[in-house]
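Chemist: Sharing a model prediction with you, sequence too.
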Number of protein chains: 2
Amino acid sequence: MRIAVDAMGGDSGPGAAVQGSAAAVLAWPDLSIDLFGPRTLLEAELESLPRHLAAAGSHLSVHHAPSAIRQDQRPSDVLRRGGDTSMAHMLGHLAAGRAVAGVSAGNTGALMALSRRELGMVGGIPRPAISTAIPTRGDGRCYLLDLGANVDVSADRLIDFARMGDVMARHVDGLVSPRVALLNVGSEGTKGSASVREADAWLAGTTSLNYCGFVEGNGIFAGMADVVVCDGFVGNAVLKASEGLTHMLIERVQATFDAHWGSRLVGLLARPALRRLKSELDPVRYNGASLLGLDGIVIKSHGGADATGFSYAVLRAANEVSRDLPSRLARELGSRHDRSQQEQR
Amino acid sequence: MRIAVDAMGGDSGPGAAVQGSAAAVLAWPDLSIDLFGPRTLLEAELESLPRHLAAAGSHLSVHHAPSAIRQDQRPSDVLRRGGDTSMAHMLGHLAAGRAVAGVSAGNTGALMALSRRELGMVGGIPRPAISTAIPTRGDGRCYLLDLGANVDVSADRLIDFARMGDVMARHVDGLVSPRVALLNVGSEGTKGSASVREADAWLAGTTSLNYCGFVEGNGIFAGMADVVVCDGFVGNAVLKASEGLTHMLIERVQATFDAHWGSRLVGLLARPALRRLKSELDPVRYNGASLLGLDGIVIKSHGGADATGFSYAVLRAANEVSRDLPSRLARELGSRHDRSQQEQR
């Protein structure tokens, strides 16, 4: 299984992408990785791989791309002038069938626009949606979508998100009948935005997925659904606020143990437990957001991800390849569109 | 200072409201509280006040209201038929000038609709916005608004929220020049919903407040602004998701200390530190959401608040009374509306 990696997207140079790719190969030995970026830079990274990753080196190959997309570059500009960038080369490689999935930690808007142009969409979906799995109580997880690709969405798009989340939870996670919910400001049907209420009315009438109505924000982490659907603006705000809150809480846990001499002593003893906790809560554990609806597999890694975080994104890609996600989406969304039209007639 | 309290709104009967009112009196000895609800129920609560709160009893008086508003009752129904409820009696009392602020833990939509009818609005604001202070890194705090009262809002409403948050942070918290930000899905002006981009353009051109541009969700808890403005759907989702995430993280901190015998021993020693931490993170500490834009002071307490949580809501009301918030809002929003029209000409 060959995966194409844009090595130039991360916030702190190609190190995390190269080492993360190596770590993914060690975890999934069938993988081969094509790394995209300036040749000399990537070759230097490969030569200085840490000893514990060196064994993966033979599975990594360098593909030269002279430039990189900036974080503040507009998608329209990237579409016109981004041809020589590591992201465009990586996606071209994928579109040409030379790899089965792509991973980038770069500019999200650019990745969406280029992926859409290079790979096309399935099942009548107009634009990709972004989704990631977030941790819930009792060691569960929940797909939240959209996470920022689509703002001011119509009810039709919310219904698309529900369908795509359902397909992903069934085929990638193996759930038989994932509980799908709409995020709302209250649990009664009279509340919420117009598009949410309209989507609710449609979803409540369909038998093709296990729709369980509205959840409020606290329901996401409470594990009340396997898929939670919302406008991209809302999902982005919730995801990023959760990231910020987690950082603040971890800081406060540490400050609590540093406050008094008695606590400092306990803090010293508690250090291993806290380290475990930190890794459990770490957002990179859940790193790797899927661009759903593309006729291909593209995973967006967090720009600030370290090598471990990046490796999760690569493994997420491998996982979606092994479950054949795009053709599942194409088949099931296509049939949904037909059925929905039948239902309406 | 006399505050009217709807004692029947909380999730678990009038106990939290009555005891919370008593606790607030002990913390702010000038307070007198008028409690609204079924007389026999409230008198029984007063007679069974815990010993440490008994001294406050003489500052609490019971005002009979036979019924209560249900959580699932629609605002339109409450406006027509809610006259005999504890909430309506409490607000009528406030509107008649017999108290200077009102507090309720009841149905938010009903509280908004009844407050608006009984008290009216100031400064051209069409509907109240809901705002609360949330904790940020480094022991700071940040007002987030709107929290669910207004969904699908226009740019004009976002500008109103910014102005009201600014007035509150200056006059209630004593900040000289509060940093006001708009919540968005990215920090560039090309991203976000149409209303957010339009509000940004207006705010960037005004000199009447310290507008510092966009923040993303993680910026809220990072303390990047003193006031963060967003659509009510977004604010509600962020606030409730944060509540759910905090509960999950506290559970995981405890589970970490319960997992192994070594950790269990440390957990025993760490218990006082964890108890402190829990109280620091507890959402009830920040309980008490302001209904901004009313010609009067109404505070919404969390439905699940205990006596301590409810006392914070009462003290929030007392604090806003002492800073004369509604007349500050009336004066400054009125002048903003004039100025904005001048700027546009």
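Modeler: Nice, thanks for sending it over. Numbers count the residues shown, from 1 in each chain, chains lettered A, B, ... in the order given.
Chemist: Name the residues of stretch A:167-183 that come out as buried.
Modeler: By 16 or more other C-beta atoms under 10 Å in any protein chain shown, the buried positions in stretch A:167-183 come out as A:167-172, A:178-183. C-beta coordinates here come from the backbone N, C-alpha and C atoms, glycine included.
Chemist: Which ones among these also lie next to chain B?
Modeler: By C-beta under 8 Å from any C-beta of the partner chain, the members of those lying near chain B are A:Leu183.
Chemist: Filter the buried residues of stretch A:167-183 down to the ones in helices?
Modeler: A:167-171 (DSSP state H).
Chemist: List just the nearest of those residues to chain B.
Modeler: Nearest to chain B among those: A:Ala169, at 19.5 Å, using C-beta to the nearest C-beta.
Chemist: List the residues that contact A:Met320.
Modeler: I think there's a mix-up here, since residue A:320 is Glu and not Met. Residues in contact with A:Glu320, defined by C-beta atoms under 8 Å, 6 or more residues apart in numbering or on different chains, are A:101, A:172, A:290, A:297, A:299.
Chemist: Confirm that it sits in a helix.
Modeler: Yes - counting by DSSP: H, G, I helix; E, B strand; the rest coil, A:Glu320 is part of a helix.
Chemist: if I look at it, how far off is chain B?
Modeler: 24 Å (C-beta to the nearest C-beta, to the nearest Å).
Chemist: Over to A:Asn107?
Modeler: Distance check for A:Asn107 against chain B: by C-beta to the nearest C-beta, it reads 10 Å.
Chemist: who's in contact with that residue?
Modeler: Contacts of A:Asn107 (C-beta under 8 Å, 6+ apart): A:9, A:69-73, A:75, A:78, A:87.
Chemist: what do you get for A:Ala241?
Modeler: Shown in contact with A:Ala241 (C-beta under 8 Å, 6+ apart): B:217-218, B:220-221, B:238, B:241-242.
Chemist: Please identify the helix or strand for it.
Modeler: Per DSSP states H and E, A:Ala241 falls inside helix A:232-258.
Chemist: For that helix, which residues meet the burial criterion?
Modeler: For helix A:232-258, burial by neighbour count (16+ other C-beta under 10 Å) applies to A:232-250, A:252-253, A:256-257.
Chemist: Touching, A:Asp226 and A:Tyr143? I think so.
Modeler: Yes - shown here, A:Asp226 and A:Tyr143 form a contact pair, counting by C-beta atoms under 8 Å, at 6.8 Å.
Chemist: Would you mind giving the contacts of A:Glu320 as JSON lines with pLDDT added?
Modeler: Output for the contacts of A:Glu320, formatted as JSON lines (pLDDT from 0 to 100):
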{"residue": "A:Ala101", "pLDDT": "97"}
{"residue": "A:Val172", "pLDDT": "93"}
{"residue": "A:Ser290", "pLDDT": "96"}
{"residue": "A:Ile297", "pLDDT": "97"}
{"residue": "A:Ile299", "pLDDT": "97"}
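Chemist: what residues are up against the residue of the stretch 1-150 of chain A found nearest chain B?
Modeler: Of all residues in the stretch 1-150 of chain A, the one sitting closest to chain B is A:Gly148 (4.5 Å; C-beta to the nearest C-beta). Neighbouring residues of A:Gly148 by C-beta under 8 Å, 6+ apart: A:108, A:130, A:232-233, A:235-236, B:185-186.
Chemist: where does it land in three-state SS?
Modeler: coil.
Chemist: Please identify the nearest residue in space to A:Leu119, excluding sequence neighbours.
Modeler: A:Gly296 (3.9 Å; C-beta to C-beta, 6 or more residues apart in numbering or on different chains).
Chemist: ok, now A:Gly20?
Modeler: Using C-beta to C-beta, 6+ apart, the closest residue to A:Gly20 is A:Phe310 (2.7 Å).
Chemist: Shouldn't that neighbour be within a strand?
Modeler: No - under three-state DSSP, A:Phe310 falls outside any strand and is assigned helix.
Chemist: Can I get the ones in helices among the buried residues of stretch A:167-183 in TSV including pLDDT?
Modeler: As requested, those are exported to TSV (pLDDT from 0 to 100):
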residue	pLDDT
A:Val167	96
A:Met168	95
A:Ala169	96
A:Arg170	96
A:His171	94
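Chemist: Just give the number of residues close to A:Gly205.
Modeler: For A:Gly205, the count of nearby residues is 9 (other C-beta atoms under 10 Å in any protein chain shown).
Chemist: Can you tell me how far it is from A:Val153?
Modeler: Separation of A:Gly205 from A:Val153 (C-beta to C-beta, to the nearest Å): 20 Å.
Chemist: Report all helices and strands that the longest strand along chain A contacts.
Modeler: Looking across chain A with DSSP state E, the single longest strand is strand A:129-136. Packing partners of strand A:129-136 (3 or more C-beta pairs under 8 Å, 6 or more residues apart in numbering or on different chains; DSSP states H and E): strand A:140-145, helix A:155-171, helix A:217-221, helix A:232-258, strand A:289-292.
Chemist: Check the secondary structure at A:Gln73 for me.
Modeler: Going by three-state DSSP: A:Gln73 is coil.
Chemist: Do you know the pLDDT at it?
Modeler: At A:Gln73, the model reports a pLDDT of 90.
Chemist: give me phi/psi at it?
Modeler: phi -80, psi 140 (degrees, to the nearest 10).
Chemist: is it true that it touches A:Ala110?
Modeler: Yes - between A:Gln73 and A:Ala110 there is a contact under C-beta under 8 Å: 6.3 Å.
Chemist: Find residues that contact each of those two.
Modeler: A:Gly82.
Chemist: Comparing those two, which residue is more hemmed in?
Modeler: More crowded of A:Gln73 and A:Ala110, by other C-beta under 10 Å: A:Ala110, with 25 against 18.
Chemist: which non-adjacent residue is nearest the more buried one?
Modeler: Closest to A:Ala110 by C-beta to C-beta, 6+ apart is A:Val78, at 4.1 Å.
Chemist: same question, A:Cys230
Modeler: A:Leu183 (3.9 Å).
Chemist: could you list every residue that touches the one you found?
Modeler: Contact analysis of A:Leu183 by C-beta under 8 Å, 6+ apart lists A:196, A:214-217, A:220, A:228-230, A:234-235, A:238, B:237.
Chemist: Which of those sits closest to A:Leu60?
Modeler: A:Gly235 (33.4 Å; C-beta to C-beta).
Chemist: Please report how far the closest one lies from B:Leu239.
Modeler: From A:Gly235 to B:Leu239 the distance is 15 Å (C-beta to C-beta).
Chemist: coming back round to it: can you tell me which of the contacts of A:Leu183 is nearest A:Gly20?
Modeler: For the contacts of A:Leu183, the minimum distance to A:Gly20 (C-beta to C-beta) is 24.7 Å, reached by A:Gly235.
Chemist: how much space between the closest one and chain B?
Modeler: Separation of A:Gly235 from chain B (C-beta to the nearest C-beta) stands at 8 Å.
Chemist: Hmm, A:Leu144 and that residue touching each other?
Modeler: Yes - when contacts are counted by C-beta under 8 Å, A:Gly235 is listed as touching A:Leu144 (5.5 Å).
Chemist: quick one on the thing from earlier: next, show the common contact partners of A:Asp226 and A:Tyr143.
Modeler: With C-beta under 8 Å, 6+ apart, A:Asp226 and A:Tyr143 have common neighbours A:165, A:169.
Chemist: Please name the nearest non-neighbouring residue to A:Ile125.
Modeler: The shortest distance from A:Ile125 to any non-neighbouring residue, by C-beta to C-beta, 6+ apart, is to A:Gly293 (3.5 Å).
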